[in-house]
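Visitor: Give me a model of this one.
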Amino acid sequence: MRGTGTEPVDLFIIGGGINGCGIARDAAGRGLRVTLAEMGDLAQATSSASTKLFHGGLRYLEYFEFRLVREALEERETLLVAMPHISWPMRFVLPWQPEMRFAGDTPTARILGRLMPWMKGRRPAWLIRLALETYDRLGGRRILPPARPVDLTKDPAGAPLKPRFTRGWEYSDCWVEDSRLVVLNARDAERRGATILTRTEVVSAERQGDLWRVTTEGREGRREHLARALVNAGGPWVARIIREKLHLPTRENVRLVRGSHMVTRRLFDHDRCYFFQGKDGRIIFAIPYETDFTLIGTTDQDHRGAPDEARCTPEEQDYLCAFASDYFARPVTRDDIVWTYSGVRPLHDDGAHSATAATRDYVLSIDRQGAPLLNVFGGKITTYRRLAESAMTKLAPFFPEAGGSWTAGVALPGGDFPWDGASALAEGLLRDFPFLTDRWAMRLVRAYGTDARNLLGLARNALDLGQDFGATLTEAEVRWLMRHEYALRAEDVVWRRSKLGLRMSAEEIAALDGWMRDVSGAAGAQAAGLAGAS
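Guide: Purely as a prediction, here's the structure:
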C-alpha cells in the first residue's frame with residue numbers, strides 16, 4: 001500500500017473530520033498521492049455535532065466578519081449544486097421585538113452605544129433589515145429566494161409563537177447532513193486514489209531528511225508511513241498533536257468551545273426554521289428535524305475537559321429550554337427532549353474574552369523547517385471546501401506537479417442530479433421499487449442520492465434486502481455502509497451515517513452492533529487467511 005514501507009505518499013493527513021477529508025479529496029483530485037488516518041470513525045467528533053447548516057452566519061456581521069460571511073454565502077449555492085441529496089434550501093423566520101439586545105462585546109454594539117446611547121443596547125428593526133439586505137447581497141445569491149418581512153399575526157409561522165411577536169423577517173440558508181458530508185468527501189477522495197484509514201491513531205511523526213516518518217496503530221497493527229508533507233487537521237486535538245505527537249514547539253493554540261444541542265418532539269407543523277435572539281444577545285435555532293422532531297441549539301461555552309467528553313449538561317438543557325420557551329407559546333421542558341448531542345469547536349484562539357465572540361474564521365499555519373507541516377486551526381463546515389483550496393495553495397510550492405483548483409460544483413458521490421430534483425428521484429424509486437414507502441424512499445434519496453438505486457440493486461421486495469434491523473434499516477443498506485462508507489459499528493450507522501437511532505430501540509441497536517461485529521470479524525479473518533496464503 002502506498003505510504004508504507006519505503007514508498008512515500010505526497011500528503012499524510014491526520015484527522016478524519018470535514019477539514020481532513022475535504023483536503024484529502026482536493027489533493028487526490030489534483031493527482032497527489034494521499035493517505036488519511038483517523039483515530040476513530042469519520043466525523044466522530046466536531047464534524048457530526050454541528051447545527052447542520054450551510055449558512056453565512058448572519059450574526060457574524062455584528063463582528064464585522066465580512067470576508068468570512070461573504071465566503072460562506074458564496075459557498076452555500078456552490079455546495080448545494082454539488083450535493084443536492086444531503087443539502088437543501090431552508091427558510092428561517094426571525095421574530096422581532098423591541099427589547100432584543102446585542103451581545104455587549106460586538107463592534108456593532110459598541111458603535112451604536114456611542115452614537116445612539118438611548119437605545120441601551122437594543123437591536124433596532126431598521127438595523128436587522130439592513131443586515132438581511134447585506135446578507136442577501138454579499139454572496140451573489142442566484143438560487144435562494146431573498147429576505148422578506150413577515151406579519152406573524154397572519155403567517156402560519158406566527159401560530160406557535162407567543163402573541164407579543166407580531167412582526168419579523170424571513171431569509172434563506174441551507175441544511176446539510178454534516179457527518180454524511182464528511183463520509184462522501186472521504187469516498188470521493190478514495191475514488192480518486194487516496195487511502196483512508198479509520199480507527200487508526202497516529203502514534204508519532206518525525207522529520208527524516210526531506211520526508212515525514214509517521215507511525216500509526218490501527219486494526220492492522222503498528223505501521224510506518226513516509227510522506228513528503230504532513231497535514232494536521234486534528235480539529236480539537238490539533239494543538240495536542242503538535243506538542244505530543246510531533247514534539248514541536250508552538251505558540252498557536254485553539255479555543256475549545258462547546259456547542260450543545262437538544263432534539264425534542266416536533267414543536268410546530270410547518271417546514272420553516274426559527275432564528276431566535278435572546279435578551280443576552282445570543283441566538284439559537286429551532287429547526288424541523290428528521291420529520292418528527294425539532295432540533296434546538298446551540299450553546300457557546302468554553303470547554304475545559306477532553307474534547308471527546310463533551311456532553312449537553314443539565315444546565316445547558318435548562319438554558320435551551322428557557323430560551324425556546326421565551327418564544328414558543330407552549331413552554332419547552334426537559335420532558336420534551338428525546339436526544340442531546342454536544343461537540344467541541346476548535347476555534348483559533350484570537351484572545352476574545354467570550355466564547356461567543358471568538359472568531360469562526362480559519363487559520364492555516366505552515367512550518368517549513370524541513371519537510372512541510374500544515375496545521376489547520378478553526379474553520380466552519382460551510383467553508384470547508386474553500387479551506388481545502390487554501391490549504392492546497394499553501395502547499396502548492398512543494399508540489400509543482402499538482403493540478404489546479406477543481407472542486408467547485410463537482411458532485412459528491414450520489415449528487416449527480418439537479419439541486420431541486422430530490423422529489424423526482426424519490427418518485428422514480430417508488431415506481432421501480434414499489435415495496436418502498438414514501439418516507440423510506442425519501443430517506444434513501446436524502447442519504448444516498450443516485451446511489452440509492454445501487455444500494456437497492458435488483459430487489460423485488462423487502463425480503464430481497466435481507467435482515468430487517470428496524471426503522472427501514474436493512475441488511476443490504478448496512479452492507480453498503482460497511483463496504484463503501486467505512487462503517488464498522490452500530491453507532492457509525494444509526495448516529496452518523498443516519499439518525500435512525502432516534503427511531504430504533506436499544507435492543508435493535510444492540511442486535512445490529514452484534515451482527516456488524518460478526519460480519520467485520522469474519523471479513524478480517526478471511527483477509528488474514530488470504531494474506532497468510534500469499
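
Visitor: CA atoms for contacts and neighbours, from now on please.
Guide: Will do.

Visitor: how much space is there between residue 319 and residue 43?
Guide: 27 Å (C-alpha to C-alpha, to the nearest Å).

Visitor: Could you tell me how many residues sit around the residue nearest to residue 198 when sequence neighbours are not counted?
Guide: Excluding its sequence neighbours, the residue lying closest to residue 198 (C-alpha to C-alpha, 6 or more residues apart in numbering) is residue 38, at 4.9 Å. Residues within reach of residue 38, counting by other C-alpha atoms under 10 Å, total 26.

Visitor: again, but for the one 10 residues further on
Guide: Each residue near residue 48 was counted by other C-alpha under 10 Å, and the total is 24.

Visitor: which residues sit in contact with the nearest residue to it once chain neighbours are set aside?
Guide: Nearest non-adjacent residue to residue 48, counting by C-alpha to C-alpha, 6+ apart: residue 179, 4.7 Å away. Going by C-alpha atoms under 8 Å, 6 or more residues apart in numbering, residue 179 touches 42, 43, 47, 48, 496, 497.

Visitor: could you redo the last one with a cut-off of 10 Å?
Guide: Applying C-alpha atoms under 10 Å, 6 or more residues apart in numbering, we find residue 179 in contact with 17-18, 42-50, 52, 86, 492, 495-498.

Visitor: ok so, going back, quick one, what contacts the residue nearest to residue 198?
Guide: 13-17, 20-21, 44, 196-202, 216, 218, 233-234.

Visitor: cool, residue 304 as well?
Guide: Contacts for residue 304 (C-alpha under 10 Å, 6+ apart) come out as 255, 256, 257, 258, 310.

Visitor: Quick check: the last one touching residue 261?
Guide: No: with the criterion set as C-alpha atoms under 10 Å, residue 310 and residue 261 do not qualify as a contacting pair; they are 11.3 Å apart.

Visitor: Give me the common contacts of those two.
Guide: 341, 342, 343.

Visitor: Next, format these as CSV and append neighbour count.
Guide: As requested, the shared contacts of residue 310 and residue 261 are exported to CSV (neighbours: other C-alpha atoms under 10 Å):
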residue, neighbour count
341, 17
342, 25
343, 26
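
Visitor: so where do the helices sit in the stretch 351-500 of the chain?
Guide: Using DSSP state H, counting those that start in this stretch, the helices of the stretch 351-500 of the chain run over residues 384-395, 422-432, 438-448, 451-456, 475-484, 490-491.

Visitor: closest to residue 270 out of those helices?
Guide: helix 438-448 (17.1 Å; C-alpha to C-alpha).

Visitor: Same question for the closest one: list its buried residues.
Guide: For helix 438-448, the neighbour count (16 or more other C-alpha atoms under 10 Å) marks 440, 441, 442, 443, 444, 445, 446, 447, 448 as buried.

Visitor: ditto for stretch 489-507
Guide: 489-494, 496-502, 504.

Visitor: Span of it from start to end?
Guide: 15 Å.

Visitor: Report the rounded mean pLDDT for it.
Guide: On average, the pLDDT along stretch 489-507 is 98.

Visitor: what residue ranges in the stretch 51-200 of the chain score low on pLDDT?
Guide: Within the stretch 51-200 of the chain, the segments meeting pLDDT under 70 span 100-109, 112-113, 118-123.

Visitor: try 80
Guide: 59-64, 98-124 (pLDDT under 80).

Visitor: That one: strands as residue ranges?
Guide: With DSSP state E, counting those that start in this stretch as the criterion, the stretch 51-200 of the chain has strands at 53-54, 87-96, 148-151, 167-176, 195-197.

Visitor: Would you format those strands as CSV with distance to residue 63 and mean neighbour count included?
Guide: Output for the strands of the stretch 51-200 of the chain, formatted as CSV (distance: least, C-alpha to C-alpha, whole Å; neighbours: other C-alpha atoms under 10 Å):
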stretch, distance to residue 63, mean neighbour count
strand 53-54, 19, 24
strand 87-96, 19, 22
strand 148-151, 23, 15
strand 167-176, 19, 21
strand 195-197, 38, 22
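
Visitor: Nearest to residue 279 among these would be which one?
Guide: strand 87-96 (11.5 Å).

Visitor: which helices and strands does that closest one pack with?
Guide: Packed against strand 87-96 by the contact rule (3 or more C-alpha pairs under 10 Å, 6 or more residues apart in numbering; DSSP states H and E) you find strand 53-54, helix 66-82, helix 125-138, strand 148-151, strand 167-176, strand 273-277, strand 283-289, helix 438-448.
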